[in-house]
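1. Only the shape, not the letters, is given here:
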């Protein structure tokens, strides 16, 4: 199967899953600050790795994953109804930590920049 087609299917699954999480799943464990960051579909279209990002503490993230696992059947049904595929991929949810990692790096860079700015100002005063 072509990589181009897999990419299009992945994007459609991402759109369908995001919509289902935001509007249709009513599980109180799922944080309202949940977003789907990436979807990877296996070449045989049997599984879809869905990476989610949850803004909040570790407990919120764990509860959201539990809520999504319990709603896995509904999400698979939504994917099957909206995509015309021979096999409906089984959704597998993973926590995506890349956004948090980006925040940490950005914070460190800002701290370094502020430290260099303050160091430059103290040298100017001497």
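-> Structure's in. What do you need? None of these values were measured; they are calculated from a predicted model. Residues are numbered from 1 along each chain as shown.
2. gap between the closest residue to residue 67 other than its chain neighbours and residue 63?
-> Distances taken as Cβ to Cβ, 6 or more residues apart in numbering put residue 29 closest to residue 67, at 3.4 Å, once the chain neighbours are dropped. For glycine as for every other residue, the C-beta is placed from the backbone atoms N, C-alpha and C. Per Cβ to Cβ, to the nearest Å, residue 29 is found 4 Å from residue 63.
3. so where does residue 117 fall, helix or strand?
-> helix 98-125 (DSSP states H and E).
4. Okay, buried residues for that helix please.
-> Within helix 98-125, no residue counts as buried by 16 or more other Cβ atoms under 10 Å.
5. Tell me how far it lies from the chain's centre.
-> 28 Å (Cα atoms, centre = their mean, to the nearest Å).
6. now do stretch 78-88
-> 21 Å.
7. Give me the contact list for that stretch.
-> Contacts to stretch 78-88, defined as Cβ atoms under 8 Å, 6 or more residues apart in numbering, come from residues 9, 12-13, 16-17, 19-20, 24, 44-46, 48, 76-77, 89, 91.
8. Strands of the protein, residue ranges please.
-> Per DSSP state E, the chain has strands spanning 34-41, 47-54, 90-95. These are given in chain order.
9. Now mean neighbour count, distance to residue 83 and mean pLDDT too, for those strands, in CSV please.
-> As requested, the strands of the chain are exported to CSV (neighbours: other Cβ atoms under 10 Å; distance: least, Cβ to Cβ, whole Å; pLDDT from 0 to 100):
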stretch, mean neighbour count, distance to residue 83, mean pLDDT
strand 34-41, 19, 10, 94
strand 47-54, 20, 10, 95
strand 90-95, 17, 12, 95
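10. any chance of those strands in JSON lines, plus distance to residue 68?
-> Converted to JSON lines, these look like this (distance: least, Cβ to Cβ, whole Å):
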{"stretch": "strand 34-41", "distance to residue 68": "8"}
{"stretch": "strand 47-54", "distance to residue 68": "7"}
{"stretch": "strand 90-95", "distance to residue 68": "5"}
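11. coming back round to it: filter the contacts of stretch 78-88 down to the buried ones, ChimeraX style.
-> In ChimeraX, this line selects whichever of the contacts of stretch 78-88 come out buried by 16+ other Cβ under 10 Å:
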select :9,12,13,16,17,20,45,48,76,89,91
